[in-house]
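A.B. asks: My questions are about this predicted structure, shown below with the sequence.
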Amino acid sequence: MSLLAVERLNKAFGGVVAAHDVSFAVERGEMLALIGPNGAGKSTVFNMIGGQLPPDRGAVLLEDKAITLASPQERFRQGIGRTFQIAQAFHSMTVCENVQMALISHHRESRAIWTEARQHHRRDALDLLSQVGMAEAADRSCSVLAYGDVKRVELAIALAGEPKLLLMDEPTAGMAFRERAALMDLTHSIARTRRIGILFTEHDMDVVFGHASRILVLLRGEIIAAGSPAEIRENAQVRQAYLGNAPALTGAP
Ligand SMILES: Nc1ncnc2c1ncn2[C@@H]1O[C@H](COP(=O)(O)OP(=O)(O)OP(=O)(O)O)[C@@H](O)[C@H]1O
């Protein structure tokens, strides 16, 4: 049984077919990249899995259970997490407090608990922060962190929800080259250890080819190729779709 199965998802916006018979599976512990040129349908597929967008046809199954029309909150409860940027309002809080808040939310406790006990879930939060290499920054304000460190805290916040499947939309956008590789290495090792399936979209082909276990290629709403990075690099249709725009695909320096 796959962790996530997507079966013949279809979505059109007026005359624009954003997804046509999209089918694939995500397995536990793998990093699956969903790539494609601008407008290929990546966000549409992502949002149908996250519950932000209902499909016209097709099904989404988590561990064989249909969740096609479940709300994002219900999917979150069933184990589908998504990384989001830390909201501006939370920048004034410390790194640890942000993760503690996520744990409070995960355990469906009232945030009122926070005014009574700022120690609530602190040990678990510190444990998550050490997994992402941020324990030493626990008591610093999020507002003073470097961008790459904020991304690690966002990962810890997502992990606080104990996801089975984690959706990551452009996880390394805006990061420096070296920070990107470090974040993706960390994400991959956490995925393997915790047996979390990760589905991510990404425009940076170095990140995709360097870190994905498997790659799906979307073009005009259809999956035109699926396979290992080596298989995708050799695929003539994929190379044609990117036509020299991506050195990681074409092998150019
Ligand atoms: N809400 C919408 N209303 C109308 N058309 C939409 C809507 N959302 C997406 N589309 C269209 O559907 C197609 C797929 O869009 P989508 O955003 O899923 O692509 P994408 O691969 O995520 O693109 P990008 O890489 O540029 O973010 C595009 O032609 C887009 O214009």
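C.D. replies: Done, it's in. Numbers count the residues shown, from 1 in each chain.
A.B. asks: What ranges does the stretch 101-250 of the chain have for its helices?
C.D. replies: Here the stretch 101-250 of the chain has its helices, by DSSP state H, counting those that start in this stretch, at 113-116, 122-131, 147-160, 177-194, 205-211, 229-234, 236-242, 247-250.
A.B. asks: Give me the residue at the spatial middle of the chain.
C.D. replies: Centroid-nearest residue in the chain: Met168, 1.6 Å away (criterion: Cα atoms, centre = their mean).
A.B. asks: so it bridges to which residues?
C.D. replies: Under the criterion DSSP bridges, Met168 forms beta bridges with Phe200.
A.B. asks: Return the most buried member of the helices of the stretch 101-250 of the chain.
C.D. replies: Comparing the helices of the stretch 101-250 of the chain by mean neighbour count (mean count of other Cβ atoms under 10 Å), helix 147-160 comes out on top with a mean of 22. C-beta coordinates here come from the backbone N, C-alpha and C atoms, glycine included.
A.B. asks: Just give me the neighbour total for the residue lying closest to Glu162 once chain neighbours are set aside.
C.D. replies: Take Glu162 and drop its neighbours on the chain: the residue closest to it by Cβ to Cβ, 6 or more residues apart in numbering is His106, 6.7 Å away. Number of residues near His106 (other Cβ atoms under 10 Å) recorded here: 19.
A.B. asks: Contact residues of the stretch 1-150 of the chain facing the ligand?
C.D. replies: By Cβ under 6 Å from any ligand atom, the part of the stretch 1-150 of the chain that sits against the ligand consists of 13, 16, 18, 36, 38-44.
A.B. asks: Just the buried subset of those, written out for ChimeraX, thanks.
C.D. replies: Applying 16 or more other Cβ atoms under 10 Å to those, the buried members can be selected in ChimeraX as follows:
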select :18,36,40,41,42,43,44
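A.B. asks: In TSV, list the residues of the stretch 1-150 of the chain next to the ligand along with pLDDT.
C.D. replies: Below are these laid out as TSV (pLDDT from 0 to 100):
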residue	pLDDT
Phe13	97
Val16	95
Ala18	97
Gly36	93
Asn38	89
Gly39	92
Ala40	94
Gly41	96
Lys42	95
Ser43	94
Thr44	96
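A.B. asks: pLDDT below threshold where in the stretch 1-150 of the chain?
C.D. replies: Across the stretch 1-150 of the chain, the ranges flagged by pLDDT under 70 are 86-89, 110-118.
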